[in-house]
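A.B. asks: let's see this in three dimensions:
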Amino acid sequence: MAHASSRLYSGTLVLLCGTNLLNGTGTTTSPTKCALASLGLILLLFADVLFQGASLAPLDYTPTLWPDRTPAAPQSLYPESANRNILDSQGDVGSGAWQMQPAIRFMAYCMRTGESPWWDPYSSSGRMGPEGLYNVLFSPVVLVSAIFGGSSTAISYVLVASYFICCFTLMQCLHRYMGIGFLGACAGASAYLLNGFALANLSTAIGQPYFLAPVLLLALMRIAERATIPRIFWAGLVQAGMFSITIFPPMVLTTLACYSVALLANIGGSDLPFRHALKAAVPQLAVLPIGLGMVAFLYLPILEAQLWCAPIGSFYRRVRPHGPPLQYPSRGIPFRNTKPTFAVHT
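C.D. replies: Sure, this is the predicted structure:
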């Protein structure tokens, strides 16, 4: 499993870094060295996937299918606690098993048969495709996995590849553009990728913006370095990939975080007056409409479906709490009764 290997990697990193963890050397390490360090992290974390055929596909973890089959024994190249089971430290396995992975299989089927992904006749009595938002049909992970057939093996290797790309681009951001030493960049990438959210949500739709964020940040940093048409186009393509992950809360927050860091690094690190530095950041901001234009084919039907099915109007007609503003924070805190009560809400 990944957790024993993550502890091994963290311990090795601390021994390597010593007291010079965040000390920049004034020189930039070649991208090849960052790629090799990222590859080392991947080999430690996912050795069971790469060398023992273990699966990262959520359908292989959900206990719902276990009554009809014997679950495979957990695979690990590292010593594990005897009390751990295959679902320990997993995130929302049901979300990946019943939403994201079926979307991958459905998109692979559409690619093989030429059928339209805009209508899914196999879900209940039929439903809209990407307008449902939750299945992220046109997100990078779904599309690439579907191109390779949508099997559990394809999904596992695509997820490992996304982890590698995330690690490599984050190390480049930290080391090349933020002036952090190579070992410090390794530590930053480890903290980013070995936390509970990253490991638990690798195979869920809600975690996909998190792994694409370093790619977007690197693209924005490259524009700040030199704003050329190819770099702006590439950043727009990455932004389109971010917009295609239609789980809006994490996608919007992640996008805002990337632009905040990139703009602060651009404006704060400039010797120009603030007004001129802000003007120089315009190419970075231009990436947003470019990316949105690239996914217009996706968002125009989504907007039409939202207006036609009237969920937006229902949202604005909802009952709002009344009372002094100081009472608003308590609205989100569960009311605790002194006596336990059990109620069924329909």
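A.B. asks: residue contacts, residue 167?
C.D. replies: Going by Cβ atoms under 8 Å, 6 or more residues apart in numbering, residue 167 touches 37-38, 41-42, 189, 192-193, 214. (C-beta placed from N, C-alpha, C; glycine too.)
A.B. asks: out of the residues you listed, who's nearest residue 149?
C.D. replies: residue 42 (21.9 Å; Cβ to Cβ).
A.B. asks: check the residue nearest to that closest one when sequence neighbours are not counted and give its pLDDT.
C.D. replies: Residue nearest to residue 42 in three dimensions, not counting chain neighbours: residue 164, with 5.0 Å by Cβ to Cβ, 6 or more residues apart in numbering. The score at residue 164 is 93. That number is its pLDDT.
A.B. asks: which pLDDT value belongs to the nearest residue to residue 233 once chain neighbours are set aside?
C.D. replies: Leaving aside its chain neighbours, residue 233 sits nearest to residue 290 (7.5 Å; criterion: Cβ to Cβ, 6+ apart). Per-residue confidence for residue 290 comes out at a pLDDT of 94.
A.B. asks: you'd agree residue 290 is up against residue 239?
C.D. replies: Yes - the pair residue 290 and residue 239 qualifies as a contact (Cβ atoms under 8 Å) at a distance of 6.9 Å.
A.B. asks: neighbour-wise, which of the two wins?
C.D. replies: Between residue 290 and residue 239, counted using other Cβ atoms under 10 Å, the more crowded position is residue 239 (27 against 15).
A.B. asks: alpha carbons of stretch 159-178, as PDB, please.
C.D. replies: C-alpha atoms of stretch 159-178 as PDB (Å, rounded to 0.1, in the frame of the first residue of the first chain):
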ATOM      1  CA  LEU A 159      -3.600   8.200 -12.300                       C
ATOM      2  CA  VAL A 160       0.000   7.300 -11.600                       C
ATOM      3  CA  ALA A 161       1.100   9.500 -14.600                       C
ATOM      4  CA  SER A 162      -1.000  12.400 -13.300                       C
ATOM      5  CA  TYR A 163       0.800  12.100  -9.900                       C
ATOM      6  CA  PHE A 164       4.100  12.200 -11.700                       C
ATOM      7  CA  ILE A 165       3.200  15.300 -13.800                       C
ATOM      8  CA  CYS A 166       1.900  17.000 -10.700                       C
ATOM      9  CA  CYS A 167       5.100  16.300  -8.700                       C
ATOM     10  CA  PHE A 168       7.400  17.400 -11.600                       C
ATOM     11  CA  THR A 169       5.600  20.600 -12.400                       C
ATOM     12  CA  LEU A 170       5.300  21.600  -8.700                       C
ATOM     13  CA  MET A 171       9.100  21.000  -8.200                       C
ATOM     14  CA  GLN A 172       9.700  23.200 -11.200                       C
ATOM     15  CA  CYS A 173       7.500  26.000  -9.800                       C
ATOM     16  CA  LEU A 174       9.200  25.900  -6.400                       C
ATOM     17  CA  HIS A 175      12.800  25.500  -7.600                       C
ATOM     18  CA  ARG A 176      13.000  27.500 -10.900                       C
ATOM     19  CA  TYR A 177      10.400  30.300 -10.300                       C
ATOM     20  CA  MET A 178      10.300  30.700  -6.500                       C
END
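A.B. asks: buried residues of that stretch, list them for me.
C.D. replies: Residues of stretch 159-178 classed as buried: 159-160, 162-178 (neighbour count, 16 or more other Cβ atoms under 10 Å).
A.B. asks: how many neighbouring residues does the residue nearest to residue 150 when sequence neighbours are not counted have?
C.D. replies: Leaving aside its chain neighbours, residue 150 sits nearest to residue 108 (3.2 Å; criterion: Cβ to Cβ, 6+ apart). The number of residues packed near residue 108 is 20, by other Cβ under 10 Å.
A.B. asks: now the residue nearest the centre of the chain. Nearest residue, chain neighbours left out?
C.D. replies: In the chain, the centroid-proximal residue (Cα atoms, centre = their mean) is residue 208; its distance is 2.2 Å. Leaving out its chain neighbours, the residue that sits closest to residue 208 by Cβ to Cβ, 6+ apart is residue 245, at 4.9 Å.
A.B. asks: how about that neighbour, what does it touch?
C.D. replies: Applying Cβ under 8 Å, 6+ apart, the residues contacting residue 245 are 136, 139, 205, 208-209, 212, 251.
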